[in-house]
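Trainee: here is a sequence together with a model predicted from it:
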Amino acid sequence: MPGNKRPPPPAPAPNSNLVGAQERSHEVKLLKAGDDKRVVALCATLERKTFPKHESLFEGFEKEVRRRNALLFYCEDSAGAVKGYLIVSWRLPPAPRGGNIEKVCVAERFRRTGVGRALCEAALAAMRDKGALEVLLHVDPGRVRAVALYEALGFVRTGPLIEGYYNNIRDGQRMTLALDEAG
């Protein structure tokens, strides 16, 4: 009957943690040398908002991502805002072929939507393509979701817990992923 139609569900609030389906596709981009500074500035702002001052690269963010052995991967939403980014550094010769995931940052409203996984997978694929044999990272073991993501990607905890790794406030756990050359 026409009079018995249910009203549509209410739209999510503007600052809701709900992310629409159109925002669930996560195209990962690689910052290139000629890219404008807009992306770097947006990532630096997200860095400052997300991490405590003693962990933030905000002051030297552009210098960090422009190093010759660093790559910045990022995802944007449909409006051009950065959903998240990941910084990788390569070990320079004569060190063994490999890299480090230096920083992973996902905007709060895009957490648990696959942005972190997409960024990690893109970075790992790039490292494989460049012939890396292993990837290292450090993570606060109290960041349970981050640890679970890294373990799901194949990282294993290596070495003892590093007490006070994060400015003598939080501990750090080294995790390693061996990359086979076949991918």
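Mentor: Noted; the coordinates are in hand.

Trainee: which residue ranges of this structure form strands?
Mentor: Using DSSP state E, the strands found in the chain span residues 29-30, 70-76, 82-90, 98-106, 134-139, 156-157, 162-166, 170-178.

Trainee: could you give the bridge partners of the most centrally placed residue in the chain?
Mentor: In the chain, the residue lying closest to the centroid (Cα atoms, centre = their mean) is residue 104, at 2.9 Å. Under DSSP bridges, the beta-bridge partners of residue 104 are residue 86.

Trainee: the lowest-mean-pLDDT helix or strand in the chain pairs with which strands?
Mentor: Sorting the helices and strands of the chain by mean pLDDT, DSSP states H and E puts strand 162-166 at the bottom, at a mean of 72. Sheet pairing for strand 162-166, assigned by DSSP bridges, gives strand 170-178 (antiparallel).

Trainee: so for residue 182, what's the pLDDT?
Mentor: As predicted, residue 182 sits at a pLDDT of 45.

Trainee: same check on residue 142?
Mentor: So, for residue 142, pLDDT stands at 86.

Trainee: and for residue 42?
Mentor: Residue 42 carries a pLDDT value of 91.

Trainee: quick one: it and residue 79 touch, right?
Mentor: No. Judged on Cβ atoms under 8 Å, residue 42 makes no contact with residue 79 at a distance of 11.1 Å. C-beta: built from backbone N, CA, C; applies to glycine.

Trainee: ok, these two, which is more surrounded?
Mentor: Per other Cβ atoms under 10 Å, whichever of residue 42 and residue 79 has more neighbours is residue 42, with 17 against 6.
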